[in-house]
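Colleague: fold the following for me, if possible:
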Amino acid sequence: MKSLRPWKHSTLRARLRTAWSAAELDEALADGADPLSSDELSLRATQLVEPAKRARLAQSLELVVEHVTAAGPSPVPGPTILRREPVARNRLGLLALARRLRDGGLHCLPGLAMADRLIGFGDSPLYMGLDATQLMYCVEETLAALEPDWDGQPADKA
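Modeller: Numbering: from 1, shown residues only. This next block holds a predicted model:
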């Protein structure tokens, strides 16, 4: 049986392909792809489940909320928040997601992949959201997908 391969024991080629395709791999994992089906998915899953990765995701969310609340220059380099109102209106939900990511409990892989897509990629509703509702649904879906009993259905249709 194939197991998740530790990042440090993977080939350079697989690590580069994983880094290059992180967005696509996150999307596949969020959609329920088997992390054991390829070296790249396995490596990406290994990265996402690391407590340090979850802490970085949570910290990024907190910084985005702080940045929008303070209305000052961006505290860290990264995607630019083009529409601040959706973030401001979803401040409590975003901070709840940050707290959940910092939790020591079980975090399901699809939810971690969804959180990484939301936070780490500039085309997500966090940075490019058309309205507050779009971001709210994304945050709610990510929170639901982190839970062990998530059924894969949108949070409002459970």
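Colleague: chain neighbours aside, what residue packs nearest to Ala96?
Modeller: Excluding the flanking residues, the one nearest Ala96 by C-beta to C-beta, 6 or more residues apart in numbering is Leu143, at 6.7 Å. Heads up, the C-betas are built off the backbone N, CA and C, glycines and all.
Colleague: how many residues are close by the one you found?
Modeller: 19 (other C-beta atoms under 10 Å).
Colleague: ramachandran angles for Ser21?
Modeller: Backbone torsions of Ser21, given as degrees, to the nearest 10, read phi -110, psi 20.
Colleague: give me the distance between it and Arg15.
Modeller: 11 Å (C-beta to C-beta, to the nearest Å).
Colleague: just to revisit the earlier point, show me what contacts the residue nearest to Ala96?
Modeller: By C-beta atoms under 8 Å, 6 or more residues apart in numbering, the residues touching Leu143 are 93, 96-97, 100, 111, 155.
Colleague: and the next helix or strand past the longest helix along the chain?
Modeller: In the chain, assigned by DSSP state H, the helix with the most residues is helix 51-70. Per DSSP states H and E, the first helix or strand lying C-terminal to helix 51-70 is helix 84-89.
Colleague: contacts for the helix or strand just after that following helix, please.
Modeller: Note on helix 84-89: by DSSP H and E, the next helix or strand toward the C-terminus is helix 91-102. Under the criterion C-beta under 8 Å, 6+ apart, residues 54-55, 57-59, 61-62, 64-65, 68-69, 87, 107, 115, 126, 136, 139-140, 142-143, 146 lie in contact with helix 91-102.
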